[in-house]
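Peer 1: any chance you could fold what I've pasted below:
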Amino acid sequence: MAPLVKQAFEMMATGDYSSDTVRQFVTAGGLRTKKGHKLTRQTFSTVLKNPVYCGLIIHKGHTYKRSFPTLLSENLWHNVQNALRGKKKAVPKKTVGESFPLRGFVKCGYCRAKLTAGKAKGRSKTYASGEKDGSRL
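Peer 2: Below you'll find the model as predicted:
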């Protein structure tokens, strides 16, 4: 299990993968909870935020250095924490779609809110629709 945990940290530190993608990858590789269950998002988040893996123990507000072998370096652990906090984008968000290239660029002339667009699903087909601040135009 230790190699999978280390691989999860290394994948997260690159910033090329989302937390969900890494969780699904290591779960498929066999990483499980103590009870043998698949990792939930919350459990995986707890694993990634646990400083014990790099040899740090936090007790009553004080940080103590390791007296045991560590699984990963402090630098790698800190890089993952930065990625989780958004200081390093995990997966860039696609803002412009081919169907609605002006989404977010056009503003309402009255209130200056950004206009957006999406697709509404009807009974038999999908229709384009526009919105301003979550309310229909």
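Peer 1: would you map the strands across this structure?
Peer 2: Secondary structure of the chain (DSSP state E): strands at 56-59, 62-65, 115-121, 126-132, 135-136.
Peer 1: quick one, which of those strands is nearest to residue 73?
Peer 2: Closest to residue 73 of the strands of the chain, according to Cβ to Cβ: strand 56-59, at 11.2 Å. The C-beta positions use only the backbone N, C-alpha and C, and glycine is treated the same way.
Peer 1: if I look at the residue lying closest to residue 74 once chain neighbours are set aside, how far off is residue 100?
Peer 2: Closest residue in space to residue 74, ignoring its immediate chain neighbours: residue 54 at 4.7 Å, by Cβ to Cβ, 6 or more residues apart in numbering. From residue 54 across to residue 100, the span is 44 Å (Cβ to Cβ, to the nearest Å).
Peer 1: report the buried residues of the helix ranked longest in the chain.
Peer 2: Selection of the longest helix in the chain by residue count, based on DSSP state H, yields helix 2-14. Residues of helix 2-14 classed as buried by neighbour count (16 or more other Cβ atoms under 10 Å): 4, 5, 8, 9, 11, 12, 13.
Peer 1: swap in stretch 21-33?
Peer 2: Residues of stretch 21-33 classed as buried by neighbour count (16+ other Cβ under 10 Å): 22, 23, 26, 27, 31.
Peer 1: so what's the residue nearest to residue 12 when sequence neighbours are not counted up against?
Peer 2: Spatial nearest neighbour of residue 12, excluding adjacent residues (Cβ to Cβ, 6+ apart): residue 80 at 4.7 Å. Neighbouring residues of residue 80 by Cβ atoms under 8 Å, 6 or more residues apart in numbering: 9, 12, 13, 48.
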